[in-house]
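Colleague: after the sequence you'll find the predicted model.
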Amino acid sequence: MTTQSNVLENFRLREALDGDRPAVVSARECLSYGELDRRSDTLARELRDRGIGGGSLVPIEAARNADFIVGILGILKAGATYVPIDDRYPDARKRYILQQCNAALVLTTGATRWDAPVRFAGVAGLSADRSARDDARPTHDADARDAAIYVIFTSGSTGAPKGVIVEHAAVAALVDWHNARFEMHAECRTTLMAGLGFDVSQWEIWSTLCAGATLFLPDDETRFDPDALVGFFVRHRITHAYVPTAMVADVVGVGHPAGLMLKYLFTAGEKLGPIDTDRIDYAVIDYYGPTEATIFATCHVVPSATLGRPESIGWPVGDTEILILNDAREEVTGKQPRRDLHRRARPRPRLSGQRRVDRREVPSASAAAGPHDLSHRRPRAPAG
């Protein structure tokens with residue numbers, strides 16, 4: 001595995017190594033790495049012709065199709081930052097996010113009439129049939145480690161949604177760690193299952209493209225039916241997949257049918273209850289962490305409920321450090337529950353939200369963000 005500070009560098013490396021390898025597969029089409037690269041180059045030049053570049057925020061309609069993948073690559077190649085807006089969001093939420101971005105245009109795949117209830121400064125249409133010109137490669141793109149790759153707007157459960165700015169280097173670090181830990185390589189086949197306004201979808205996309213693997217896009221009817229989903233895994237020889245927490249028990253309950261090549265089933269987002277994994281041959285991996293921690297902060301290989309082991313959120317991923325603090329923001333030890341604060345070693349000064357902790361308050365942390373959870377430490381055990 002080659003470690004890169006920018007996911008675009010890794011994507012380009014994979015395209016150069018095997019441009020004919022399938023990158024994105026949906027019921028409608030299959031795009032190779034070369035096609036994905038050329039189409040996103042064309043889009044990037046068109047965006048730059050419209051004045052989009054470094055420092056620009058570009059909202060993009062997030063629909064589950066190849067256009068969306070072309071779109072985020074094109075935005076990054078233009079040097080800008082993308083803001084995924086799920087096409088299923090209510091109009092009021094879309095309007096709010098667009099207003100917060102104060103962007104010059106919104107990129108749409110055509111699934112929604114953005115010029116109707118949601119009005120904006122400019123709308124650029126995107127089609128997967130966009131012709132790829134040989135001269136389309138942009139003059140430059142966002143190569144700086146500290147440049148923002150995307151902005152994710154949180155659910156707004158505690159008030160108005162807040163945009164969390166995430167940097168290239170933070171995503172690259174997580175992807176590098178994940179791909180090494182869970183054996184991601186060019187022969188792997190993955191799925192895009194998470195909601196596209198949810199940061200987990202960014203991990204699904206970039207962990208695949210940075211490994212040179214193939215990303216499959218199941219339709220909604222398949223995504224929400226455990227039996228149909230496992231059948232999809234079998235037909236497409238899926239090796240790595242994510243499902244929401246609420247679906248884990250049902251998917252595992254389908255068992256291990258003949259032909260299933262799944263190695264890892266990942267989940268995240270909610271508390272995972274006990275799961276009986278005795279009938280399956282793949283591992284269930286429970287990720288945890290606030291958006292501010294760059295998607296995930298901890299990782300837990302879930303033991304079968306039949307073993308009777310205590311619940312756990314696992315161990316820190318990559319360069320993440322887990323701090324357990326008391327109400328005075330002092331680090332504590334022992335089993336007394338305390339608020340836990342998660343941070344990635346690289347500070348991100350523009351994090352939004354009200355739970356950020358300055359490093360002067362916690363000398364051992366360079367940046368921290370905490371979800372007000374209660375936790376305690378267990379004796380150290382081998383990760384995994």
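Modeller: Nice, I can see it.

Colleague: contacts only, for Pro161.
Modeller: By C-beta atoms under 8 Å, 6 or more residues apart in numbering, Pro161 lies in contact with Arg93, Tyr96, Ile97, Phe153, Thr154, Ser155. In short, each C-beta sits where N, CA and C put it, glycine included.

Colleague: quick one: least confident helix or strand in this protein?
Modeller: Using mean pLDDT, DSSP states H and E, the weakest-scoring helix or strand in the chain turns out to be strand 338-344, at a mean of 37.

Colleague: hmm, back to that, inside strands: which ones of the contacts of Pro161?
Modeller: Among the contacts of Pro161, the residues falling in strands (DSSP state E) are Phe153.

Colleague: report the buried members of the contacts of Pro161.
Modeller: Those of the contacts of Pro161 that meet the buried threshold are Arg93, Tyr96, Ile97, Phe153, Thr154, by 16 or more other C-beta atoms under 10 Å.

Colleague: what is the lowest-pLDDT residue among those residues?
Modeller: Within the set of the buried ones among the contacts of Pro161, pLDDT is lowest for Thr154 (81).

Colleague: follow-up on the earlier one: mind putting the buried ones among the contacts of Pro161 in TSV, distance to Val166 included?
Modeller: TSV is the format used below for the buried ones among the contacts of Pro161 (distance: C-beta to C-beta, whole Å):
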residue	distance to Val166
Arg93	20
Tyr96	19
Ile97	15
Phe153	12
Thr154	12
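
Colleague: which strands and helices lie in contact with the longest helix anywhere in the chain?
Modeller: Longest helix of the chain, by residue count under DSSP state H: helix 33-49. Judged by 3 or more C-beta pairs under 8 Å, 6 or more residues apart in numbering; DSSP states H and E, helix 33-49 is in contact with helix 7-17, strand 22-25, helix 66-77.

Colleague: between helix 33-49 and the last one, find me the angle.
Modeller: Between the direction of helix 66-77 and that of helix 33-49, the angle (axes from the mean of the first three to the mean of the last three C-alpha atoms, to 10 degrees) works out to 60 degrees.

Colleague: quick one: mean pLDDT for helix 66-77?
Modeller: For helix 66-77, the mean per-residue pLDDT is 94.

Colleague: now swap in the shortest one and tell me
Modeller: Averaged over strand 22-25, pLDDT sits at 98.

Colleague: which of the helices and strands packed on helix 33-49 is buried the deepest?
Modeller: Mean neighbour count (mean count of other C-beta atoms under 10 Å) peaks for helix 66-77 among the helices and strands packed on helix 33-49, with a mean of 26.

Colleague: send me that one as CSV with only the CA atoms.
Modeller: C-alpha atoms of helix 66-77 as CSV (Å, rounded to 0.1, in the frame of the first residue of the first chain):
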residue,chain,number,x,y,z
ALA,A,66,-22.1,7.2,-11.2
ASP,A,67,-22.7,10.9,-11.9
PHE,A,68,-22.2,11.6,-8.2
ILE,A,69,-18.8,9.9,-8.2
VAL,A,70,-17.8,11.8,-11.3
GLY,A,71,-19.1,15.0,-9.7
ILE,A,72,-17.1,14.8,-6.5
LEU,A,73,-13.9,13.9,-8.4
GLY,A,74,-14.4,16.8,-10.8
ILE,A,75,-15.0,19.3,-7.9
LEU,A,76,-11.8,18.2,-6.2
LYS,A,77,-9.8,18.3,-9.4
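
Colleague: by contact count, what packs against the helix or strand that comes right after it?
Modeller: Scanning forward in sequence from helix 66-77 by DSSP states H and E, the next helix or strand is strand 81-86. Applying 3+ C-beta pairs under 8 Å, 6+ apart, we find strand 81-86 packed against strand 57-62, helix 66-77, helix 91-101, strand 148-153.

Colleague: for the closest residue to Ala228 other than its chain neighbours, phi and psi?
Modeller: Excluding the flanking residues, the one nearest Ala228 by C-beta to C-beta, 6 or more residues apart in numbering is Thr222, at 4.7 Å. Note on Thr222: backbone dihedrals following degrees, to the nearest 10 are phi -80, psi -40.

Colleague: and the strand or helix carrying Leu323, what does it pack onto?
Modeller: Leu323 belongs to strand 320-325 when assigned by DSSP H and E. Strand 320-325 sits against strand 338-344, strand 368-375, with contacts defined as 3+ C-beta pairs under 8 Å, 6+ apart.

Colleague: quick check, distance from it to the centre of its chain.
Modeller: 22 Å (C-alpha atoms, centre = their mean, to the nearest Å).

Colleague: residues of it that come out buried?
Modeller: Buried residues in strand 320-325, counting neighbours by 16+ other C-beta under 10 Å, are found at Thr320, Ile322, Leu323, Ile324, Leu325.

Colleague: list the contacts of the residue nearest to Ala228.
Modeller: Counted by C-beta under 8 Å, 6+ apart, Thr222 has contacts Ala228, Leu229, Phe232.

Colleague: doesn't the first one fall inside a helix?
Modeller: Translated: Ala228. Yes - assessed by DSSP: H, G, I helix; E, B strand; the rest coil, Ala228 belongs to a helix.

Colleague: good, we can wrap up now.
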